[in-house]
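Novice: Could you look at this predicted model? Sequence included:
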Amino acid sequence: MNKNKQRFNHRHRQSPILFSFKIKQEDRLLKFLYERIKVIPKGKIKSMLEHHQVLVNGVAITRFDYLLSKDDEVNIVKTAFKDHRNMKLPFDILYEDNEFIVINKPSGLLSVASDKETRRTAYRYVSDYVYNKDKHNRIYVVHRLDEDTSGVLIFSKDSRLKDELQSHWNEIVKKRGYYAIVMGRMNKKEDTLVHYLKKSSVNLVYITGDRKNGKKAITHYKVINENKNYSLLNVLIDTGRQNQIRVQLGSINHFVLGDDKYGEPDNPLNRLALHAYLLEFVHPRTHKVIRFNSPIPKEFRSLFPINN
């Protein structure tokens, strides 16, 4: 999105993918490759592993005994994958312990690898960071943020905890908060939007009257600052539908700034003006409430000088 915006990092030409697998159950990496790839000699497979041609979730892995987890994506690429493990993290770590690592993801950075980008993702940076501490360390994806949304992004260091979180995500998450800057001044300074959403064949989310097949989306907003052109909103969502904030606010003609996917609003910040500032959930094991916060981006403050 945002044709004129400056990307977080320029795109790199990707090495062609020779094989791609989605992991269905735990397995050791080299054993899995031997069992699934019969057209390449075992010695060559081992060599490809040693030469950074085997990626797990976009990260080059060289350990033969690396433990694959359910839902991992394994790609075999044609040419060696450059190692960036000594690169400085391009974002702040908000929290870290033995179970979680939480980052303040920048706008323009993918959460995980895609078919167009495998090198520069939040997952890869954090994976390299924990590997640098101990080569046996790894992280697991708990949830995702859209590429152009900034804010709180959580990774787990425990595969079973990741499974427990994902299995009951909608039940254990208690609060999801966002700052959004939209076009215009809101007639209603506080409101709740309820719609049913569907996805088109070109992956665009839209509002539908089909309650049977649509997914219910509930978004609460409150104006916390405004000027003659824009409104700064505190947004809380009860449901985590793809692009729900952007679509629902756009449906009342208050498009999120920089969102040329669903409208043609102004783009004074050269980014999507959506920031995930709060995620609160109940720990599935301890049952304690865990709360992570991220400060409002400085770009937002340039339009709305506020004290919070």
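Specialist: Sure, I can see it. Please read these numbers as outputs of a predicted model, since none were measured by experiment.

Novice: for residue 175, what are its contacts?
Specialist: Residues near residue 175 by C-beta atoms under 8 Å, 6 or more residues apart in numbering: 236, 278-280, 291. All C-beta spots, glycine's among them, are computed from the backbone N, C-alpha and C.

Novice: State the pair within those residues that is farthest apart.
Specialist: Pairwise distances across the contacts of residue 175 (C-beta to C-beta) peak at 13.6 Å, for the pair 236 and 291.

Novice: Let me know the distance separating residue 37 from residue 50.
Specialist: The gap separating residue 37 from residue 50 is 15 Å, by C-beta to C-beta, to the nearest Å.

Novice: Which one's more surrounded, the two?
Specialist: Using other C-beta atoms under 10 Å as the criterion, residue 37 and residue 50 rank with residue 37 on top: 17 against 12.

Novice: quick one: that one and residue 76 touch, right?
Specialist: Yes - applying C-beta atoms under 8 Å, one finds residue 37 in contact with residue 76, separated by 7.4 Å.

Novice: Residue 166: which element?
Specialist: Take DSSP states H and E as the rule and residue 166 turns out to sit in helix 159-167.

Novice: what sits up against that helix?
Specialist: Here helix 159-167 makes contact (C-beta under 8 Å, 6+ apart) with 26, 67, 69-70, 99, 140-143, 156, 172, 281, 284-285.

Novice: Domain parsing of this protein, as residue ranges.
Specialist: Domain ranges of the chain: 17-77, 93-166, 172-303, per automatic domain parsing.

Novice: most neighbours per residue, which of those domains?
Specialist: domain 93-166 (a mean of 19; mean count of other C-beta atoms under 10 Å).

Novice: Report all helices and strands that the helix or strand of the chain with the lowest mean pLDDT contacts.
Specialist: Between all helices and strands in the chain, the lowest mean by mean pLDDT, DSSP states H and E belongs to strand 59-60, at a mean of 80. Applying 3 or more C-beta pairs under 8 Å, 6 or more residues apart in numbering; DSSP states H and E, we find strand 59-60 packed against helix 122-133.

Novice: before we move on, the earlier item: among the contacts of residue 175, which ones are in strands?
Specialist: Judged by DSSP state E, these include 236, 278-280, 291 as members of strands.

Novice: Now render those residues as CSV, adding pLDDT and distance to residue 132.
Specialist: Below are the ones in strands among the contacts of residue 175 laid out as CSV (pLDDT from 0 to 100; distance: C-beta to C-beta, whole Å):
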residue, pLDDT, distance to residue 132
236, 98, 36
278, 98, 29
279, 97, 26
280, 97, 30
291, 97, 28
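
Novice: from these, which is closest to residue 300?
Specialist: Nearest to residue 300 among the ones in strands among the contacts of residue 175, with distances taken as C-beta to C-beta, is residue 278, at 14.7 Å.

Novice: Hmm, residue 177 and the closest one touching each other?
Specialist: Yes - contact criterion C-beta under 8 Å: residue 278 and residue 177 qualify, at 3.2 Å.

Novice: Assign a three-state SS to residue 75, would you?
Specialist: Secondary structure state of residue 75, per DSSP: H, G, I helix; E, B strand; the rest coil, is strand.

Novice: between the ones in strands among the contacts of residue 175, which is closest to residue 195?
Specialist: Closest to residue 195 out of those is residue 236 (15.7 Å), distances taken as C-beta to C-beta.

Novice: so who does the closest one touch?
Specialist: Applying C-beta under 8 Å, 6+ apart to residue 236 gives the contacts 175-178, 219-221.

Novice: before we move on, what about residue 139?
Specialist: Counted by C-beta under 8 Å, 6+ apart, residue 139 has contacts 101, 123, 126-127, 130, 155-157.

Novice: Kindly report the same for residue 29.
Specialist: Applying C-beta under 8 Å, 6+ apart, the residues contacting residue 29 are 49, 54, 56, 61, 63-68, 74.

Novice: possible to save these as TSV with pLDDT?
Specialist: Compiled in TSV, the contacts of residue 29 are given as follows (pLDDT from 0 to 100):
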residue	pLDDT
49	89
54	90
56	86
61	84
63	84
64	88
65	87
66	88
67	87
68	90
74	91
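
Novice: Where helices are concerned, which of the residues you listed count?
Specialist: Among the contacts of residue 29, the ones falling in helices (DSSP state H) are residue 49.
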